[in-house]
Structure formats: C-alpha cells, structure tokens
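[1] the following comprises the amino acid sequence and a computationally predicted model.
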Amino acid sequence: MTLIPRPIRRAFEAALNPLVERLIASRVNPNGITTVSTLLLLGSGIAFGYGYARIGGLCLLLSGVGDMLDGRVARGGNSVSKFGAFYDSTLDRVGESAMYGGIAVFFATGGVGAVWQVPALITTIVALAAGLVVSYARARAEGLGLECKVGIAQRAERILGLGVPTLFFGAGPGGFLLLAVVAVLAALAVITVVQRIVHVRNKTRGPRRPTKARWAPPVSEMSPAEMSTTKGRSSD
C-alpha cells in the first residue's frame, strides 16, 4: 500500500516516455542524470536553508523527475550496471541528507518561533533518520534476496509530500506549514520502517516447531498412583 495510486504513477510514467526515449537516443549516461538529480537536491537544501521554500520545493520535485529517469534510461539503453545502482542509491542518501539539513538550518535560524525551534529540529532529525532507514531496510532486504518495496511512504511519496506544498505555499506563516509537512513525513516514514520490518519478518518466518511433549515413564514402570495422576495431564 502506498499513498500514490497506481493509475497516477502509470500515467506520469507514460508522460515521461518521450523524454526517456530521447535521452536513450542521445546516449545520455544514466549516471549523469543521477548526478544532476543530486545537484538539484543539494540546491533544494541550500534554498530551504536560506528561506526560499518555493525554490526548494521546485528543485526537490525536479530531482524526483530525474530520479525516475535515470533507472528507466539505464534499462531502456541496456546500460544497467552494479556501479550505477550503487551510485544512484548512495547519491540519493547524500541529497536527502542535504535537503533535510537545509530545512534544519531554516528552523534553527528563525524560520519558526524560538519556542518551536527545538521541536522543529527534533522533528527534522526524525524525518531524516527514518527516511534513511526506510531506504536501508529495502537495500538490506534485497541484499538477502527478499523483495521489500512495501510501505505507505516510499521515496516518491516523500518527495511529492514535501515538494508540492512548499512549491505553492512556501514555508507558510511562521514556518508552520513546513514544520507540519516535515512532521507528517516523519510519522509516515516511521510507519514505513515498521511495515518493512514486519514484511521481512513474515517473509523469513519458518514453520513453527512442534511443541515437545513432556516426558513420562512407560506405563509399565508407573505405580497405580502415578497412573491416576497422568490420566488428566495434557502436553505443553
């Protein structure tokens, strides 16, 4: 289960097909797309840090488009590589850290009232940490040979959930809109971590071992008193 319905995902992917085909025809390196996407995330973090939330939201959404393009270009152009997968995953974490770092700077430098600064920083740290664990949980599960794409708030949901509101409304009065969005994303990311842990636990759970019956001496070795006691005993 995810927050973005499958029909919307498929429609957006279909809209990107012409661009994907053009990039493949132009022999654009997927790693180059990954690099540009990460630079946009770094720009998003800088914009948020300086209080330009709308620019931060725009850069974040553009980086999300790049994040969708690099994998499709790699597959369509037969240029999938282990290094490319590693490079993409690593730079995604770098960019996400920079983005939340910029938001933390915004909160710490007067983006919200003094009373709200500490709660805002804690919320941002939770959102960043939980987001990183969401990605790590999938990577670790796949390293064990398990599929782990479950979760209510995957990367696409987090990008849209933060990018769209800030693009149209900025940080909101007193920075409270941005704080509210980050708080919601933090909660959803924590839920997603739990969902992935439960998913992997269910996938790896083996058959339950039968409970061992409590040992009792053969009937021939029991005294009449022991036999009368054993008749009403059930196994554990």
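    Happy to help now that I have it.

[2] please make it C-alpha for all contacts and neighbour counts, starting now.
    OK.

[3] low-confidence ranges, the protein, go.
    1-2, 206-236 (pLDDT under 70).

[4] identify the residue nearest the geometric centre of the protein.
    Against the mean C-alpha coordinate of the chain, by C-alpha atoms, centre = their mean, the closest residue is residue 134 at 3.7 Å.

[5] in the helix or strand hosting that residue, which residues are buried?
    Take DSSP states H and E as the rule and residue 134 turns out to sit in helix 114-143. Going by neighbour count (16 or more other C-alpha atoms under 10 Å), the buried part of helix 114-143 is 116-117, 120-121, 123-135, 137-139, 141.

[6] give me the helices and strands touching whatever helix or strand residue 7 lives in, please.
    Element membership for residue 7, per DSSP H and E: helix 6-25. If you count contacts as 3 or more C-alpha pairs under 8 Å, 6 or more residues apart in numbering; DSSP states H and E, helix 6-25 packs onto helix 53-76.

[7] list the contacts of the helix holding residue 7.
    69, 72-73, 76-77 (C-alpha atoms under 8 Å, 6 or more residues apart in numbering).

[8] tell me the gap between the helix or strand just after it and the middle of its chain.
    Going down the chain from helix 6-25, the next helix or strand is helix 30-49, by DSSP H and E. Mean-position distance between helix 30-49 and its chain equals 18 Å (C-alpha atoms, centre = their mean, to the nearest Å).

[9] over to stretch 56-72?
    Chain-centre distance of stretch 56-72: 15 Å, with C-alpha atoms, centre = their mean.

[10] pull the residues that contact that stretch.
    Applying C-alpha under 8 Å, 6+ apart, the contact partners of stretch 56-72 are 16, 20, 30-31, 33-34, 36-38, 40-41, 43-48, 80, 156, 159-160, 162-167, 170.

[11] can you dump the C-alpha coordinates of it into PDB?
    Extracted C-alpha coordinates of stretch 56-72, given in PDB (Å, rounded to 0.1, in the frame of the first residue of the first chain):
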ATOM      1  CA  GLY A  56      13.500  24.400  -2.500                       C
ATOM      2  CA  GLY A  57      10.200  22.700  -3.400                       C
ATOM      3  CA  LEU A  58      10.800  23.200  -7.100                       C
ATOM      4  CA  CYS A  59      14.300  21.800  -7.000                       C
ATOM      5  CA  LEU A  60      13.000  18.800  -5.000                       C
ATOM      6  CA  LEU A  61      10.300  18.000  -7.500                       C
ATOM      7  CA  LEU A  62      12.800  18.300 -10.400                       C
ATOM      8  CA  SER A  63      15.200  16.000  -8.600                       C
ATOM      9  CA  GLY A  64      12.300  13.500  -8.300                       C
ATOM     10  CA  VAL A  65      11.800  13.500 -12.000                       C
ATOM     11  CA  GLY A  66      15.500  12.900 -12.500                       C
ATOM     12  CA  ASP A  67      15.300  10.000 -10.000                       C
ATOM     13  CA  MET A  68      12.600   8.400 -12.200                       C
ATOM     14  CA  LEU A  69      14.500   9.000 -15.400                       C
ATOM     15  CA  ASP A  70      17.900   7.500 -14.600                       C
ATOM     16  CA  GLY A  71      16.700   4.000 -13.900                       C
ATOM     17  CA  ARG A  72      14.400   3.900 -17.000                       C
END
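
[12] give me the neighbour count for residue 34.
    24 (other C-alpha atoms under 10 Å).

[13] now do the contacts for it.
    66-67, 70, 87-88, 91.

[14] out of those residues, which are buried?
    Buried by 16+ other C-alpha under 10 Å: 66-67, 70, 88, 91, out of these.

[15] can you redo those residues as TSV with distance to residue 12?
    Conversion of the buried ones among the contacts of residue 34 to TSV gives the following (distance: C-alpha to C-alpha, whole Å):
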residue	distance to residue 12
66	13
67	13
70	15
88	21
91	23
